[in-house]
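*Asks:* Pasting the sequence and the predicted model now:
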Amino acid sequence: MELSARDLMSPGSQFRPVLILGAAPRISVPVARSLHRHGIPVDIASLQPEEPSLRSRAVRNFHRLPALQHDPAAFTDALLSLIRKEQFDWILPASDPALAALSDLYDELRPLLHVGCPPPHAVQRVLNKSLTMEAAQRCGIRVPLTCSISTAAELDSAMPSLRFPVVVKPEAKGAGPSGRVVYCNSAADLSSAIRRRDGESSLVQEYCPGVGVGIELLMHNGECIAQFQHRRLREAPATGGVAVAAISELPDPQLLQSSLALLRALEWEGVAMVEFRLDPVNGSAVLMEVNGRFWGSVSLPIMAGVDFPLYYWQLVHGEQPLVPQQYAVGMRWRWSPGCLERVQGILSRDAGGVGPRSSQLKQLLSAAADFSPFTKEALWSWSDPLPFFAELSRAIRAFITAGFKSLFRRLLPRRPMLPADPLSRLTPEARSAYERLRADASFPDRRTAQPAVGSASSFLFVCYGNLMRSPMAEAMLKHVLAERGINGIVVRSAGVHAVPGREAHPWALAVSRELSLPLDQHRAQPVTAELVASSDAIFAMDFENLAELETLYPAVRDKMFLLGAYAGQTRDPEIPDPYFAGLDGTRRCYLVLRNCIHTLASDIAASRQQPSPRP
């Protein structure tokens, strides 16, 4: 039976709530508003610590789940528990990591609610770009010349066949920070980009000039239920990235036919956007990727008259959507925070792209035109303005911070890098914890109090990247305990943002050799739930580390401390990162570490009532 407008809008109608997994505002909020307008309650849950907390009149509740990348088991338990408690009827992914998570949990979720994605075998064909490209080629769709590379040997083998410039992408969608898209103009650039990815499989593709065109579809049993097309007008960064300005268009028959053939070959069910790069000179189109979830410009088709979220909900519930035969063509759309990011890239003269580029003045003038009052705003709603202003304020803060950093770099040209403000790196929740910890440190009795952890049998030292401070603290404590004849103590180190397998920083290596505690064999490892659970005492080096640890693992906050508390009557209990301080700064840091470690070792020895061995 088809849902009537009266049924949908009636205050007395009762629909089970929907859960949107992923908190990207420009995606999650428009989808939530679409469903909310028809009386369907919506919750949003985040799965990544960098995602902001969302507040909207269209969102019943916001839930922050344990970070998927840090603790998959805790994330799974929390998600399933939330679904059972709230009795959600449908779960939708609003990001590639969310889509991957739903695919991984597909069999566990199916008995509980409708899952907003097809079975895992189909999802894998979309998340893995190599599989997507293979399917497209079988359908006769042109794809960029592509090769998969993960090692230097594979790069050497592929180099003769490459045509520069090229684009380096993660092979699996939803990759972490190391999976950013990189443009390479030469073999040296490409070699450097592959090395930075630390063995992760990457796609190296030829650069295809042109404009981005998205074909958005709702598929059901191999048939197209709704369709829409947009063309990108601006991207952030300006050299190529996500759409920040777009315009609605009539579907191109050839692109629509290719998109339908590809989605059918992928056995896709639900919403998807097939993205092409269209060369305006010769009219040829090349497939870029397939987004198997709601896309960043989803508010554009909704405003133009194609309500994808509602139609999808109706299909899931056995209803036949009433899709209009026409929609508003020529409607312009912008995402203001993305436009600000684009302007910042232009002002900083970001050279990270390839292909022809107009002058800085022309790019800025075109950016100004994007803020026309006749252009629809991605997140604006007169009845629900908070999401727009919240995201815009974050974007303005980031814009100002980036401007100051750029100014400092120009005023101090001899310093190649400056440490970023911790607040600019932290998530909103971690930022609150950081400010609380800072405030507590203003009380002398709290600042100098040493934690009573001498009876602990396992210690974990944590810094930012596990490259300088935490590995040396680990080496020092192991050395001092051995000197004092104290056995049975487990000592480890990790980094909140560590890249697995990275060697210690060159300055750390040099100073560690001076101290006869060489870190040559050290390899970085990230903090994990297993490391945290198996450690009796966890020592962070600064308030930023501690704030992130408390945010990620709030249940064990009582065993997290600053190592600098063992430094004695100091003005500040932090042990600053020497990453920007050179060899002398690293030596000063390690001197502080040595004092703290000796005091900690004495505490351990006293708790065990073991006298130090005679010299």
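*Replies:* Thanks, I have it. Numbering: from 1, shown residues only.
*Asks:* Look up how far Tyr590 lies from Leu583.
*Replies:* Leu583 sits 11 Å away from Tyr590, taking CB to CB, to the nearest Å as the criterion. No exception for glycine: its C-beta is placed from N, CA and C like everyone else's.
*Asks:* Kindly report the same for Arg438.
*Replies:* Arg438 sits at a distance of 25 Å from Tyr590 (criterion: CB to CB).
*Asks:* Between these two, point out the one with more neighbours.
*Replies:* Of the pair Arg438 and Tyr590, Tyr590 is the one with more neighbours under other CB atoms under 10 Å, namely 25 against 14.
*Asks:* List the buried residues of the one helix or strand the more buried one maps to.
*Replies:* Here Tyr590 is covered by helix 582-608, with elements defined by DSSP states H and E. Along helix 582-608, the positions that meet the burial threshold by neighbour count (16 or more other CB atoms under 10 Å) are 585-587, 589-590, 592-594, 596-597, 599-601, 603-605, 608.
*Asks:* By residue count, what's the longest strand in this protein?
*Replies:* For the chain, the strand that runs over the most residues, judged by DSSP state E, is strand 223-236.
*Asks:* List the buried residues of it.
*Replies:* When burial is assessed from 16+ other CB under 10 Å, strand 223-236 yields the following buried residues: Cys224, Ile225, Ala226, Gln227, Phe228, Gln229, His230, Arg232, Leu233, Arg234, Glu235, Ala236.
*Asks:* same thing with stretch 145-160?
*Replies:* Within stretch 145-160, the residues that count as buried by 16+ other CB under 10 Å are Thr146, Cys147, Ile149, Glu154, Leu155.
*Asks:* Just the ones in strands from the residues you listed, please.
*Replies:* Among these, the members that lie in strands (by DSSP E) are Thr146, Cys147, Ile149.
*Asks:* list the contacts for the last one?
*Replies:* Ile149 makes contact with Leu155, Ala158, Ile194, Ser201, Ser202, Leu203, Val204 under the criterion CB atoms under 8 Å, 6 or more residues apart in numbering.
*Asks:* shouldn't the first one be in contact with Leu190?
*Replies:* In other words, Leu155. Yes. Contact between Leu155 and Leu190 holds when scored by CB atoms under 8 Å: they sit 7.0 Å apart.
*Asks:* still on that earlier bit, please state the offset of the longest strand of the chain from the chain centre?
*Replies:* Chain-centre distance of strand 223-236: 24 Å, with CA atoms, centre = their mean, to the nearest Å.
*Asks:* and what of stretch 147-154?
*Replies:* Remark: stretch 147-154 is offset 24 Å from the chain centroid, using CA atoms, centre = their mean.
*Asks:* what does stretch 289-302 give?
*Replies:* When distances are taken as CA atoms, centre = their mean, stretch 289-302 is centred 18 Å away from the chain's centroid.
*Asks:* quick one on the thing from earlier: what mean pLDDT would you report for the longest strand of the chain?
*Replies:* Rounded to a whole number, the mean pLDDT of strand 223-236 is 94.
*Asks:* Over to stretch 369-379?
*Replies:* Here the mean pLDDT over stretch 369-379 is 89, rounded to a whole number.
*Asks:* So what's the residue count around Pro144?
*Replies:* Number of residues near Pro144 (other CB under 10 Å) recorded here: 18.
*Asks:* Name the nearest residue to it, ignoring sequence neighbours.
*Replies:* By the measure of CB to CB, 6 or more residues apart in numbering, the closest residue to Pro144 outside its immediate chain neighbours is Gln205, 4.1 Å from it.
*Asks:* Now tell me what touches the helix or strand harbouring the one you found from outside.
*Replies:* Element membership for Gln205, per DSSP H and E: strand 202-206. Contacting residues not belonging to strand 202-206 are listed as 129-130, 144-150, 158, 162-163, 166-171, 190, 193-194 [CB under 8 Å, 6+ apart].
*Asks:* In strands only, show me these.
*Replies:* The members of the contacts of strand 202-206 that map onto strands under DSSP E are Thr146, Cys147, Ser148, Ile149, Val166, Val167, Val168, Lys169, Pro170.
*Asks:* so the third one touches Lys169, yeah?
*Replies:* No. Here Ser148 lies out of contact with Lys169, judged by CB under 8 Å, at a distance of 10.4 Å.
*Asks:* beta partners for Ile20?
*Replies:* Beta-bridge partners for Ile20, by DSSP bridges, are Ile44, Leu92.
*Asks:* show me the contacts for it.
*Replies:* The neighbourhood of Ile20, defined by CB under 8 Å, 6+ apart, consists of Ser28, Val31, Ala32, Val42, Asp43, Ile44, Ala45, Ile91, Leu92, Ala94.
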